[in-house]
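S.K.: my questions concern the predicted model and sequence given below.
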Amino acid sequence: MIPLRVVLDTNILASALITPSGNPASVYKLFLNGEIVLVYSAEIIQEYEDVLYRTRLRIPAEDADTILEAIRQCGELVAPSPSIGSMADEDDRVFYDAARTAGAYLITGNTRHYPASSFVLTPREFLEL
């Protein structure tokens, strides 16, 4: 069986590392177990780095180092094609464009930030697939 490809919005990755239970952590564990492939772009990795190392989140630097290295080693790097139209939060466009380009699901806690699309899902919706 070919693993599903997903793009994780930063809020999902951070939530999974901060709270090791719940739906974001369950999605993250699918990646750790090789059941899904994380799709990312250079801009997404930069966003992950900017957020995961924030001291106020209290994510140990070793944990952030480990997950970022795992994503680089086991994930799928894409060069997203830019989309057109407006977004509620333009900073989220990189996630949307990566998922759209790769034919992947975009997992986010903020679905309202994205255009209504069948590939934009909450963690719960993704886990129910």
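M.R.: Ah, there it is. Numbering: from 1, shown residues only.
S.K.: which of the three states applies to D91?
M.R.: Under the three-state scheme (DSSP: H, G, I helix; E, B strand; the rest coil), D91 adopts helix.
S.K.: burial count for it?
M.R.: Residues near D91, counting by other C-beta atoms under 10 Å, number 11. Glycine gets a C-beta too; all of them are placed from N, C-alpha and C.
S.K.: for the one 4 residues further on, same thing?
M.R.: Neighbour count of F95, defined by other C-beta under 10 Å: 29.
S.K.: shouldn't it be within a strand?
M.R.: No: applying three-state DSSP, one finds F95 to be helix, outside a strand.
S.K.: who's in contact with it?
M.R.: Contact analysis of F95 by C-beta atoms under 8 Å, 6 or more residues apart in numbering lists 7, 9-10, 44, 106, 108, 114.
S.K.: same thing but 7 Å
M.R.: 7, 9, 44, 106 (C-beta atoms under 7 Å, 6 or more residues apart in numbering).
S.K.: any idea of the pLDDT on the first one?
M.R.: V7 carries a pLDDT value of 97.
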